[in-house]
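Trainee: no sequence for this one, just the structure:
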DNA sequence: GCCGTTTTCGGCCCGACTGTTTTCAGTCG
């Protein structure tokens, strides 16, 4: 069933964690459920296919949570959840979505005013009933109304590219100085919740400027300030240059990664905070101007930001066996681009010129096939004309345009062009563009049928997701990965910030099986070739080395793969 | 509830900012 089902089980474990939070339960028990949920969410194996012994092998899953998972898989619920739901109105956790409201406040609101929904909370705040509760005042009442307004028109998470643009805009209007992105933006996640920035500029010089541009000041202090800007939350941390590394490390996270590092610090008689390492014995603060120093002092090799997710990277840093991650400079070409032959804006000649500028050795021209209704596609005749044009253009350029196609995978797994046409091409991408809502088995077999065609070299945007707009198709990823390995078909990492497909978890699993990854920008316009950067970031998040990536290879090696 | 090159019991990351205080709780990252 793939990950849809795992996500359902993970949601239930998270619901238990939230209900326990409101019940003011042991915080470590709550964290255990959250970690368990995360482990389930990230499991490539369908959780329902795993035995109790299998489950116990997973880090973060012990006896209690294993039994809960088994019960949820078999009956749809479990004892822990049921007994919590008897005690607490099930929709009460939605109050936690309001900024500034935590478990203690939810308890008070519920017990004193019988508030169980955001709607009731808003009514209570408007009629000034919140301030009648001991410990809450008029300021809190106003804060709640503001936070509810924000919650109502919350625009959700940003794309990586949007977050970058907003972050750069903020920095451009602040006093000159040293600034670094931190948080999920620095880690290169495909979606970003809020934007974190570290600077060596002092708060006194930055805060007045922030006050001018902010739509709202959330917090304002000498160590950190938070604002709303263009509907997004921005957190800025002011760091002493001598402590910059520790501060950047802290704000980069992830939270779970930070906890791992701090636990490790404790085991070495140190305490890690955002200023440095505190020697427990001498009480001396070891300041860390760069991140490397923190890692060194903890006996770890440097962990690249993209890996800081508590997915085993700390243990690998300890044994100095972290992978050498692929870098942008390793990329020798783009393996997915559209020309005026279909729905792109560039001629073949312009494409080659751009490739020269980018110092690429090759660009795969992969226009749509004519079978595709939504985009103007190439017929076999059109393709022949294009191939002729490519041969002529290539004589005048260092960057070679490769003859290719993005051929449609029809609903039964056949391709949109005959084999005789495909066999003349350098490299063939096959993608699903229509009938995306097939059931798991049908769409999985459809894709595998395409892979089994000897001419297909790459599967384009494998899950078909459009971030925030279209869910991934329900393909059975373990079967797809195994088929990709067996048929020696590469899977695309589509570098468009709207797709980033495959995502990090799937990439990590793919390369562990020895599946090759092809990064393509799917560029339709000149500027979109720069999206390669997002592809490389995502590949790094998936633990990919240069060797795992098809377009780090020379043109001859590439042609060998596509043969 | 999870976990173990000190431990199967006793730990479990750390600090900033705000509001309602009367010395600190709650929330957040």
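Mentor: It's in. Computed from a prediction, not measured in an experiment: that's the story for all the values here. Residues are numbered from 1 along each chain as shown, chains lettered A, B, ... in the order given.
Trainee: confidence score at the closest residue to residue A:268 other than its chain neighbours?
Mentor: Leaving aside its sequence neighbours, residue A:268 sits nearest to residue A:298 (C-beta to C-beta, 6 or more residues apart in numbering; 6.7 Å). The way it works is simple: take the backbone N, C-alpha and C, and place the C-beta from them, glycine included. What the model reports for residue A:298 is a pLDDT of 94.
Trainee: For residue A:298, list the residues it contacts.
Mentor: Going by C-beta atoms under 8 Å, 6 or more residues apart in numbering, residue A:298 touches A:261, A:264, A:265, A:268, A:270, A:272, A:277.
Trainee: among these, which are within reach of DNA strand B?
Mentor: Among the contacts of residue A:298, the residues that sit close to DNA strand B (C-beta under 7 Å from any atom of the strand) are A:265, A:272.
Trainee: And the buried ones among the contacts of residue A:298, selectable in PyMOL?
Mentor: Restricted to buried positions by 16 or more other C-beta atoms under 10 Å, the PyMOL selection for those reads:
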select buried, chain A and resi 261+264+265+270+272+277
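Trainee: Need the contacts of residue A:298 in CSV (columns: secondary structure and pLDDT).
Mentor: Below are the contacts of residue A:298 laid out as CSV (DSSP: H, G, I helix; E, B strand; the rest coil; pLDDT from 0 to 100):
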residue, secondary structure, pLDDT
A:261, helix, 94
A:264, helix, 92
A:265, helix, 92
A:268, coil, 90
A:270, strand, 91
A:272, strand, 93
A:277, strand, 94
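Trainee: Could you report the pLDDT at the closest residue to residue A:482 other than its chain neighbours?
Mentor: Spatial nearest neighbour of residue A:482, excluding adjacent residues (C-beta to C-beta, 6+ apart): residue A:513 at 7.0 Å. Residue A:513 is assigned 95 on the pLDDT scale.
Trainee: okay, now residue A:513: neighbour count?
Mentor: Using other C-beta atoms under 10 Å, residue A:513 is surrounded by 13 other residues.
Trainee: Over to the one 5 residues further on?
Mentor: Residues contacting residue A:518 under the criterion other C-beta under 10 Å number 26.
Trainee: What of residue A:488?
Mentor: Residue A:488: 13 surrounding residues under other C-beta under 10 Å.
Trainee: Distance of it relative to DNA strand B?
Mentor: From residue A:488 over to DNA strand B the distance is 36 Å, taken as C-beta to the nearest atom of the strand, to the nearest Å.
Trainee: Show the pLDDT at that residue.
Mentor: 97.
Trainee: ok, it to residue A:515 distance?
Mentor: 9 Å (C-beta to C-beta, to the nearest Å).
Trainee: ditto for residue A:9
Mentor: 26 Å.
Trainee: For the stretch 51-200 of chain A, which residues are neighbours of DNA strand B?
Mentor: Checking the stretch 51-200 of chain A against DNA strand B by C-beta under 7 Å from any atom of the strand, the hits are A:59-66, A:80, A:96, A:98-106, A:131, A:134-141, A:143, A:183, A:194, A:196.
Trainee: Please enumerate the helices of the stretch 101-250 of chain A.
Mentor: Using DSSP state H, counting those that start in this stretch, the helices of the stretch 101-250 of chain A run over residues A:103-113, A:118-126, A:138-152, A:160-173, A:183-187, A:203-213, A:244-252.
Trainee: contacts for whichever strand or helix holds residue A:335?
Mentor: Here residue A:335 sits within strand A:333-337, counting by DSSP states H and E. Here strand A:333-337 makes contact (C-beta under 8 Å, 6+ apart) with A:344, A:346, A:351, A:355, A:358, A:360-366, A:399, A:402, A:406, A:427, A:429, A:458, A:460, A:492, A:494, A:518-523, A:529, A:532, A:550-551, A:555, A:558.
Trainee: Now for residue A:361, how many residues are close by?
Mentor: 18.
Trainee: My guess is it contacts residue A:553. True?
Mentor: No - in this structure, residue A:361 is not within contact of residue A:553 by C-beta atoms under 8 Å, at 9.4 Å.
Trainee: longest strand anywhere in chain A?
Mentor: If you go by DSSP state E, chain A has its longest strand at strand A:400-408.
Trainee: In three-state terms, how would residue A:364 be classified?
Mentor: strand (DSSP: H, G, I helix; E, B strand; the rest coil).
Trainee: residues in contact with it?
Mentor: A:333, A:334, A:335, A:336, A:337, A:401, A:402, A:404, A:426, A:427, A:429, A:520.
Trainee: picking that back up, report the angle between the strand holding residue A:335 and strand A:400-408.
Mentor: 40 degrees (axes from the mean of the first three to the mean of the last three C-alpha atoms, to 10 degrees).
Trainee: Beyond strand A:333-337, next helix or strand please.
Mentor: helix A:348-357.
Trainee: Quick one: residues in contact with that following helix.
Mentor: So helix A:348-357 is contacted by A:333-334, A:337, A:339, A:341, A:346, A:362-363, A:365, A:386, A:389-390, A:393-394, A:396-401, A:526, A:529 (C-beta under 8 Å, 6+ apart).
Trainee: Look at residue A:212 and say how many residues are nearby.
Mentor: So residue A:212, with other C-beta under 10 Å, has 8 neighbours.
Trainee: Give me the nearest residue to the residue in the stretch 351-500 of chain A positioned nearest to DNA strand B, chain neighbours excluded.
Mentor: Across the stretch 351-500 of chain A, no residue is closer to DNA strand B than residue A:468, which sits at 19.4 Å (C-beta to the nearest atom of the strand). Once flanking residues are discounted, residue A:468 sits nearest to residue A:156: 6.4 Å by C-beta to C-beta, 6+ apart.
Trainee: neighbours around that neighbour, how many?
Mentor: Applying other C-beta under 10 Å, I find that residue A:156 has 7 neighbouring residues.
Trainee: likewise the one 4 residues further on?
Mentor: The criterion is other C-beta under 10 Å. On that basis, residue A:160 has 23 neighbouring residues.
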